[in-house]
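A.B. asks: Fold the following and give me the result.
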Amino acid sequence: MSRVGRKPIPIPSGVEIKINGTKVHVKGSKGELEREFNASMKIENVDGQLLVNRPDDSRTNRAMHGLTRALLSNMIVGVSEGFFKQLNVVGVGYKVDLKGKDLVMQLGFSHPVKYPAPKGIEFEVDSKANTIKVKGTDKQQVGQVSAEIRKFRPPEPYKGKGVMYADERIRRKAGKAAGTGTGA
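C.D. replies: Numbers count the residues shown, from 1 in each chain. Model (predicted):
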């Protein structure tokens, strides 16, 4: 049996879960999430814990077992605690600002880069340290928005300038060596 799939998911206080066939609706202090799961997986609420069971040991059911459990766990953590990713903006003249709920960045282009906040996502900006915190209840959406922001100016290996994750390490390269004067 799947080691991930068979672990029960504890339901923290303040989180409501409604199971309607293959649809699961989770409501907590940070918000609400709803997702439809594979019809072969059986999700049940037993004594304040969620259990995921599979009908047989076929390859697809084994794969869906652990996936379903992980997605349910992320939904519960998202509505109770929330998820966040921190991005650092590094470079001379690179700035980050918040206009309303939208992100406005100076990333070395001739124009400012604007990124509107999607539904369910909140930005927190520290303009002194040039950091962006992407917050939300949906783990997948937080990661996707962070990747889209990073894509505007990915970090480059020579000077280390760009938008990078807080825990990301950039492998630096040496620049061109000075000429020796023995050209042909």
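
A.B. asks: And residue 174, how far from residue 161?
C.D. replies: According to Cβ to Cβ, to the nearest Å, residue 174 stands 16 Å off from residue 161. Just so you know, the C-beta spots here come from the backbone N, C-alpha and C atoms, and that holds for glycine as well.

A.B. asks: Give me the more crowded residue out of these two.
C.D. replies: residue 161 (19 against 7; other Cβ atoms under 10 Å).

A.B. asks: show me what contacts the more buried one?
C.D. replies: Applying Cβ atoms under 8 Å, 6 or more residues apart in numbering to residue 161 gives the contacts 90-92, 94, 108, 153, 155.

A.B. asks: Next up, identify which helix or strand residue 141 is on.
C.D. replies: helix 139-152 (DSSP states H and E).

A.B. asks: Please look at residue 157 and residue 175 and confirm they touch.
C.D. replies: No - Residue 157 is not in contact with residue 175 according to Cβ atoms under 8 Å; the separation is 10.1 Å.

A.B. asks: ok, and what's touching the helix holding residue 141?
C.D. replies: By Cβ under 8 Å, 6+ apart, the residues outside helix 139-152 that reach it are 74, 77-78, 83-85, 87, 103, 105, 107, 113, 115, 118, 120-121, 132, 134-136, 162-165.

A.B. asks: From the residues you listed, list the buried ones, please.
C.D. replies: 74, 77-78, 83, 85, 87, 103, 105, 107, 113, 120-121, 132, 134-136, 162-164 (16 or more other Cβ atoms under 10 Å).

A.B. asks: Among those, which lie within helices?
C.D. replies: Using DSSP state H, the members of those that fall in helices are 74, 77-78.

A.B. asks: Make TSV from those residues and add distance to residue 41 and pLDDT to it.
C.D. replies: Listed next are these as TSV, based on distance: Cβ to Cβ, whole Å; pLDDT from 0 to 100:
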residue	distance to residue 41	pLDDT
74	15	95
77	19	94
78	19	94
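
A.B. asks: Tell me the one of those nearest residue 53?
C.D. replies: Of all these, residue 53 sits closest to residue 74, with 19.1 Å by Cβ to Cβ.

A.B. asks: separation between that closest one and residue 5?
C.D. replies: Distance of residue 74 to residue 5, computed by Cβ to Cβ: 14 Å.

A.B. asks: now swap in residue 110 and tell me
C.D. replies: Plainly put, residue 110 is 52 Å away from residue 5 if you go by Cβ to Cβ.
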